[in-house]
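*Asks:* got a sequence here, can you build the structure:
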Amino acid sequence: ANPAPPPRALGPPPLGPISLALRAESRGPSSGAGPEECSVPAQAVLAPLWEALDTCRPTMQKQVCDDIGRRLTVLGDAWAQGKLSAPVRKRMSLLVKELQQQHWDMADEIHRSLMVDHVNEVSQWLGGGAR
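*Replies:* Okay, here's the model as predicted:
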């Protein structure tokens with residue numbers, strides 16, 4: 001018997017309107033990217049992520065949870081020190097909202113766009129995902 005086809009998530013990222021819009025946003029003029037463009041407080045993004053980690057902790061390896069915790073700390077420090085651009089802060093806020101609503105495909109697309117479009121800014125704290 002033939003094995004089942006791999007899940008859709010293993011294929012290449014979709015290049016639909018959402019993906020193109022996210023990439024166009026990151027290539028826009030950076031002169032207008034001031035703090036007023038994304039006034040989301042860090043805790044609005046970090047608190048749900050820490051909560052999700054705490055929820056998963058009983059079913060995950062300690063080493064994995066500790067690594068995620070370290071990355072969340074680095075994210076929080078970067079945010080507090082003003083090291084994150086407005087587009088990254090905005091996308092992280094959107095990412096958390098999509099995760100909270102269990103919109104996994106959209107969350108994956110936002111995650112992917114952060115990794116592609118802002119790699120230098122996010123590489124210290126945003127994981128590449130388990131694929």
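*Asks:* what residues sit buried inside the helix or strand hosting V116?
*Replies:* Using DSSP states H and E, V116 sits within helix 104-117. Using 16 or more other C-beta atoms under 10 Å as the test for burial, helix 104-117 gives M106, A107, D108, E109, I110, H111, R112, S113, L114, M115, D117. Just so you know, the C-beta spots here come from the backbone N, C-alpha and C atoms, and that holds for glycine as well.
*Asks:* what mean pLDDT does it have?
*Replies:* Mean pLDDT, computed over helix 104-117, is 94.
*Asks:* so which elements touch the helix or strand just after it?
*Replies:* With elements assigned by DSSP H and E, the helix or strand that comes after helix 104-117 is helix 119-122. Judged by 3 or more C-beta pairs under 8 Å, 6 or more residues apart in numbering; DSSP states H and E, helix 119-122 is in contact with no other helix or strand.
*Asks:* helix, strand or coil for the spatially closest residue to R71 that is not a sequence neighbour?
*Replies:* Using C-beta to C-beta, 6 or more residues apart in numbering and skipping residues adjacent in sequence, the residue nearest R71 is W125, 4.5 Å away. Each residue gets one of three states, and W125 gets coil by DSSP: H, G, I helix; E, B strand; the rest coil.
*Asks:* for W125, which phi and psi angles does the backbone take?
*Replies:* W125 has phi and psi values of phi -130, psi -10 when expressed as degrees, to the nearest 10.
*Asks:* which pLDDT value goes with it?
*Replies:* Looking at W125, its pLDDT is 93.
*Asks:* that one touches D67, doesn't it?
*Replies:* No - with contact defined as C-beta atoms under 8 Å, W125 does not count as touching D67 (10.8 Å).
*Asks:* who has more neighbours, the two?
*Replies:* Higher neighbour count among W125 and D67: W125, with 19 against 12, using other C-beta atoms under 10 Å.
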